[in-house]
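J.: Here is a sequence together with a model predicted from it:
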Amino acid sequence: MRSSPRRTAFLVGLGVALWCAPGAWERSTENARTTADEPQYLMTALSIAEDRSLDVSDERAAGRYRAWHAAGLPLQEEVQADGSRVSPHDPLLPALLALPVATGGWLAAKLSLGVLAGALAAAMVWVSVERFDVPLRLAVPVVLAFSASAPLAVYATQVYPEIAAALAVTVAIGAIAGHPTPRSTAALGVAVVALPWLSVKYAPIAAALVALGLVQAWREGHRRDVVALGVALGAAAAIFLAAHLAWYGGFTPYAAGSHFASGELSVMGASPDYVGRSSRIVGLLADRSFGLAAWQPAYLLAVPALGALTRLRPRGWSALSLPLAVGLLDAVFVALTMHGWWFPGRQVVVVLPAAVIAVAWWAAQVRVAPWIVRAAAIGSAAVGASVFAWLVAQSLLGDLRLVTSFETLAHPLWRAWRVALPDYRSPSGSGRALHAAWIVLFALLVASGRHSVAAIPSRARVPSTA
């Protein structure tokens, strides 16, 4: 990579890390810096740092979690036969946070995640420029527009594996979208192995990325690399399963959970209503409170961008579209709920880099009124960044709490914009009408995206080998 783009990507990452850092001091609830699964990750990180063990029974008994969760901590861990308690969450995030937690507590852990968010922003700039030929002058503002806004900016300091997983997905996209080399194959292997260790829920995305990488390398004649990667991933899978059986008593960490009475797979729901869950296809983007567009309207640009991407199909297009599709389907049909005890967008953060890079690519390719697209991106960037800044300020200076009362946000544009979005928690006649209207709008956006690049000469298209 040329020195100027590399330096620019670094500065973007540094700026994003500094921008997100104040969010580390936000309270999740009235009585806690962290809530839901966050205290569990921190408690396990402390156990790894001090005891070299996943057993959190002594940390729980001593109330070590009260530094970041003043109220009583709900029980998630099943008591094992030997009296130990293991938190039902995969161990890679606690392992990454073990040193920060041991040296600087909850604050150091959150700021460390902010550094990962900066690395993610830098990686998105690099992949956009080097793999999808996006001019640097477009890649930087597009990446900043999303990285400085919720949910990416919020999860930059939330103790969840989402940002680390999004970074792994971005590395994998960069590895697949280029020509296969031993270095890119190794990067792909590390990224896809990391994903299930961050959370087993990312395994389908990892599998999709592996399949793309192996097919591309095989088609381009790198068959020795395919065999080597296949053997390495097979060994990694065996280690993953054996370790989980030993540590959690099952193939997923949910086997160690005290609240999965009907088995570890009940994490997906005891009696899933898949027809009902299908409304999330629209809701994940357009829900009044939990939709991406409620917090950053620029996510609407991802819809026409994907329309354009599937029309032109440049090299590496499937490295963006397939993991994004798998991640969205997982959030729609596998996740227990879209509305939960967390800040909006949690289920899809892992694949948002694919959407961001697609928007950057489209902004560079669009031929029909490109100034409208770029003006929309800049305007959305300003709105999204101001919403996040207001969110942090109101949390630090007022009574807003990031998980329990984020809907009290007083930002005037945010409050005005969300009136046009359906509320999927309280279905009503007007809500169903809005849902139908957004379905039509999505169809129009896809069609407009495909039309916006129709004028590109066929010789400019690069057949996909990914």
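T.: Received it, and whenever you're ready, just let me know what you need.
J.: Going by C-alpha atoms from here, please, whenever you check contacts or count neighbours.
T.: OK.
J.: Stretch 69-79: end-to-end distance?
T.: This stretch, stretch 69-79, spans 21 Å end to end (Cα to Cα, to the nearest Å).
J.: Going forward, count from 847.
T.: Sure thing, new numbering starts at 847, so read that last one as stretch 915-925.
J.: what's in contact with it?
T.: Counting by Cα atoms under 8 Å, 6 or more residues apart in numbering, stretch 915-925 makes contact with 877-881, 885, 911-912, 931-934, 1102-1105, all of which sit outside it.
J.: of all these, which two lie farthest apart?
T.: Maximum pairwise distance among those (Cα to Cα): 26.7 Å, between N877 and A1102.
J.: Show only the entries of the contacts of stretch 915-925 found in helices.
T.: P885 (DSSP state H).
J.: for the protein, what's the longest helix?
T.: Counting by DSSP H, the longest helix found in the chain is helix 938-978.
J.: if we can go back for a sec, who wins for neighbours among the contacts of stretch 915-925?
T.: Most neighbours among those, by other Cα atoms under 10 Å: S933, with 27 neighbours.
J.: Please look at it and E884 and confirm they touch.
T.: No - between S933 and E884 there is no contact under Cα atoms under 8 Å: 11.1 Å.
J.: Pull the residues that contact the least confident helix or strand in the chain by mean pLDDT.
T.: Least confident helix or strand of the chain, by mean pLDDT, DSSP states H and E, is helix 1120-1123 with a mean of 80. By Cα under 8 Å, 6+ apart, the residues outside helix 1120-1123 that reach it are 1178-1179.
J.: CA-only coordinates of that helix, as CSV, when you get a sec.
T.: Provided in CSV are the C-alpha atoms of helix 1120-1123 (Å, rounded to 0.1, in the frame of the first residue of the first chain):
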residue,chain,number,x,y,z
TYR,A,1120,-40.1,-17.5,11.9
VAL,A,1121,-43.0,-15.9,10.0
GLY,A,1122,-43.2,-13.2,12.7
ARG,A,1123,-39.4,-12.8,12.7
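J.: Only the buried residues of that helix, if you could.
T.: Neighbour-count burial for helix 1120-1123 flags R1123 (criterion: 16 or more other Cα atoms under 10 Å).
J.: What does H1068 show for phi and psi?
T.: The phi and psi torsions at H1068 (degrees, to the nearest 10) take the values phi -90, psi 60.
J.: what about P1026, which SS state?
T.: Secondary structure assignment for P1026 (DSSP: H, G, I helix; E, B strand; the rest coil): coil.
J.: For the nearest residue to it once chain neighbours are set aside, report the pLDDT, please.
T.: Leaving out its chain neighbours, the residue that sits closest to P1026 by Cα to Cα, 6 or more residues apart in numbering is A1063, at 5.9 Å. Each residue has a pLDDT score; the one for A1063 is 82.
J.: The one 5 residues further on too?
T.: For H1068, the pLDDT comes out at 76.
J.: Verify the contact between T1003 and L864 for me.
T.: No - using Cα under 8 Å as the test, T1003 is too far from L864 to be in contact (11.3 Å).
J.: Identify the contacts common to the two.
T.: With Cα under 8 Å, 6+ apart as the test, T1003 and L864 both reach G960.
J.: any low-confidence regions in the stretch 1097-1246 of the chain?
T.: 1104-1117, 1214-1217, 1219 (pLDDT under 70).
J.: all helices for it, in order.
T.: 1120-1123, 1126-1132, 1138-1141, 1148-1158, 1163-1175, 1198-1211, 1216-1243 (DSSP state H, counting those that start in this stretch).
J.: could you dump these to a markdown table with distance to R852?
T.: Shown next, in a markdown table, are the helices of the stretch 1097-1246 of the chain (distance: least, Cα to Cα, whole Å):
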| stretch | distance to R852 |
| --- | --- |
| helix 1120-1123 | 42 |
| helix 1126-1132 | 32 |
| helix 1138-1141 | 29 |
| helix 1148-1158 | 25 |
| helix 1163-1175 | 22 |
| helix 1198-1211 | 17 |
| helix 1216-1243 | 23 |
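J.: Among those, which comes closest to R1029?
T.: For those, proximity to R1029 was assessed by Cα to Cα; helix 1163-1175 is nearest, at 17.4 Å.
J.: so how far is G1186 from R1271?
T.: R1271 is 11 Å from G1186, where distance means Cα to Cα.
J.: Quick check: pLDDT value at A1088.
T.: If you check A1088, the pLDDT there is 95.
J.: ok, now which ones touch it?
T.: Here A1088 is in contact with F1097 (criterion: Cα under 8 Å, 6+ apart).
J.: what do you get if the cut-off is 10 Å, keeping everything else the same?
T.: Counting by Cα atoms under 10 Å, 6 or more residues apart in numbering, A1088 touches 1082, 1094-1097.
J.: That one looks like it's in a helix, true?
T.: Yes - under three-state DSSP, A1088 falls within a helix.
J.: Distance of it relative to A1054?
T.: 23 Å.
J.: Over to L990?
T.: 27 Å.
J.: Tell me which of the two has more neighbours.
T.: More neighbours surround L990 than the other of L990 and A1054, with 22 against 19 (other Cα under 10 Å).
J.: What angle do helix 1198-1211 and the helix or strand hosting that one make with each other?
T.: Secondary structure assigned from DSSP states H and E places L990 in helix 982-993. On the basis of axes from the mean of the first three to the mean of the last three Cα atoms, to 10 degrees, helix 982-993 is oriented at 140 degrees to helix 1198-1211.
J.: so where's the stretch 847-996 of the chain uncertain?
T.: 847-849.
J.: try 50 this time
T.: For the stretch 847-996 of the chain, residues meeting the criterion pLDDT under 50 lie at 847-848.
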